[in-house]
Each structure stands twice: as structure tokens, then as C-alpha cells.
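Visitor: got a predicted structure here, sequence first:
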Amino acid sequence: MKAVWRGHVVAESERTLEVDGYRYFPREAVRMDLLRHTPKTADDLKCPHGVQFYDVVGSDAVSARAAWSYEAPLAKMKPVDHWIGFWEDVTVE
């Protein structure tokens with residue numbers, strides 16, 4: 001599977017997992033150089049899984065909070081601990 005943003009492959013792996021309708025990629029399969037930490041909002045701080053959002057960035061565009069990971073996941077999300085999920089402007093195919 002691939003995560004594609006504006007023609008750039010942001011992640012690629014055959015070892016992805018789907019949880020609650022979202023596809024997660026192992027961190028080592030993600031181009032972390034295209035992701036930038038975002039400051040946590042009040043809602044982010046309420047997340048029981050320790051969510052961290054990322055902007056997807058390129059030389060001429062930014063897709064705000066289009067990727068995330070759970071950094072302290074509870075039971076249901078444990079399989080994707082520190083893996084990266086995508087949405088918004090990123091297409092998973």
C-alpha cells in the first residue's frame with residue numbers, strides 16, 4: 001500500500017494495519033522528512049491514546065494535520081503504537 005500526497009509517495013509498505021477504517025503504516029515505511037510535528041491542541045491532549053498530529057510538508061505546500069500517530073495507545077490501538085495514519089489530502093491506495 002502507498003500513501004500519496006501531491007504526487008509524492010509519503011509511505012509505502014505491504015505491512016499496514018487497518019483500525020477503525022484508517023490504514024496505518026509502520027514508522028520505518030514513512031518519509032518522516034515530509035512530516036512536521038504540530039503543536040497539540042486542547043482536544044489532542046484529551047485523547048487517551050496520546051495522539052500526535054503532523055503536517056505533511058513540501059517545498060510549495062502544506063497539508064495541516066494530515067497525518068498522526070498514537071504515542072501512548074490503550075489496548076485497542078496498541079497494534080499501531082507509533083505507526084502513522086493519514087487522511088485529508090493524503091490518499092491511501
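Guide: That came through fine.
Visitor: so the nearest residue to residue 73 once chain neighbours are set aside, which of the three states?
Guide: Once flanking residues are discounted, residue 73 sits nearest to residue 49: 4.5 Å by CB to CB, 6 or more residues apart in numbering. (C-beta placed from N, C-alpha, C; glycine too.) Assigned with DSSP: H, G, I helix; E, B strand; the rest coil, residue 49 falls in the coil class.
Visitor: same question for the one 5 residues further on.
Guide: With three-state DSSP as the basis, the three-state label of residue 54 is strand.
Visitor: now residue 89
Guide: coil.
Visitor: next, the contact list for the spatially closest residue to it that is not a sequence neighbour, please.
Guide: Nearest residue to residue 89 in three dimensions, chain neighbours excluded: residue 63, at 4.0 Å (CB to CB, 6+ apart). Taking CB atoms under 8 Å, 6 or more residues apart in numbering as the criterion, residue 63 is in contact with 5, 55, 56, 57, 88, 89, 90.
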